[in-house]
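S.K.: Just need the structure, nothing else, for what follows:
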Amino acid sequence: MRMWCHIAHQFTAAPVSSTTRKLSLRIRLPVRQNPKPVRWTLQGEYSWLNLWLVIHLPELYRIASAIMGDFDSRIRRVMKSPHKGKTGAKRLLNAFHYSCSGLKEAYRNEDAFRQEVLLAAILLPLAFWVNATAIGRALLIGSVLLLLIVELLNSAIETTVDRISLDEHMLAKRAKDIGSAAVLIAVVNLAAVWLLVLLG
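M.R.: Residues are numbered from 1 along each chain as shown. Down below sits the predicted model:
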């Protein structure tokens, strides 16, 4: 059910000789059985009107907030992803399938990721061959894997930005540049770790 609240204030001036004002407050509630609006009409001095507004408007605001909050919660439930909420082994199988699909898509469509996979294919076996401690070997392998992870995240950011719009925009350029900077830092980290472990 479409829920909405419409509040209209209508002020009509009395004759010039009178100091009274008439306030008409109309509220249309989301009830299908009673489509006619509920109407309250008050007439009195400014002081009485101010007092009435101070007393009743917070209550009306709470009613409208409750109605819109319920509407917002219904919208959120409708927009929730159908893939969420799966538990157990089925969720793990789906996550593994999506991860493999992501690796395949990244290798197929991203040149930089293919180059880094080739670099990892050389460096990972070399990490087990070099004379290093267990901690040093873990650092060598970790730096290579970190580069691959950062490149995947950068590719995801670029794909998302391109999905939104292919037009040139300052914010889109900023997002892609920040992702590229993250890859650069990962490359510097890889080179520093390998030099420190091999020379130390």
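
S.K.: Going by C-alpha atoms from here, please, whenever you check contacts or count neighbours.
M.R.: Fine.

S.K.: Which residues does the helix or strand containing Phe96 contact?
M.R.: In this structure, Phe96 sits in helix 89-109 according to DSSP states H and E. Under the criterion Cα atoms under 8 Å, 6 or more residues apart in numbering, residues Phe113, Arg114, Leu152, Ser155 lie in contact with helix 89-109.

S.K.: Could I have the CA atoms of it written out in CSV?
M.R.: Taking C-alpha atoms only, helix 89-109 is exported to CSV below (Å, rounded to 0.1, in the frame of the first residue of the first chain):
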residue,chain,number,x,y,z
ALA,A,89,27.2,-24.9,2.7
LYS,A,90,25.1,-23.4,-0.1
ARG,A,91,26.3,-19.9,0.7
LEU,A,92,30.0,-21.1,0.7
LEU,A,93,29.5,-22.8,-2.6
ASN,A,94,27.9,-19.7,-4.1
ALA,A,95,30.7,-17.5,-2.7
PHE,A,96,33.4,-19.8,-4.2
HIS,A,97,31.6,-19.8,-7.6
TYR,A,98,31.4,-16.0,-7.6
SER,A,99,35.0,-15.7,-6.6
CYS,A,100,36.2,-18.0,-9.4
SER,A,101,34.0,-16.1,-11.8
GLY,A,102,35.6,-12.8,-10.7
LEU,A,103,39.1,-14.1,-11.2
LYS,A,104,38.2,-15.4,-14.6
GLU,A,105,36.6,-12.1,-15.6
ALA,A,106,39.5,-10.1,-14.3
TYR,A,107,42.0,-12.2,-16.2
ARG,A,108,40.0,-12.0,-19.4
ASN,A,109,39.3,-8.3,-19.4
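
S.K.: May I see the buried residues of that helix?
M.R.: Residues of helix 89-109 classed as buried by neighbour count (16 or more other Cα atoms under 10 Å): Ala106, Tyr107.

S.K.: Next: stretch 172-191.
M.R.: Using 16+ other Cα under 10 Å as the burial criterion, the residues of stretch 172-191 that qualify are Ala172, Lys176, Gly179, Ser180, Ala182, Val183, Ala186, Val187, Asn189, Leu190.

S.K.: between these, which is closest to Ala132?
M.R.: Here the nearest of those to Ala132, counting by Cα to Cα, is Leu190; it sits at 15.8 Å.

S.K.: Let me see the contact set for the closest one.
M.R.: Contacts of Leu190 were listed using Cα under 8 Å, 6+ apart, and they are Leu140, Ser143, Val144, Leu147.

S.K.: So which of those residues belong to strands?
M.R.: Using DSSP state E, no member of the contacts of Leu190 sits in strands.

S.K.: Many thanks, have a good one.
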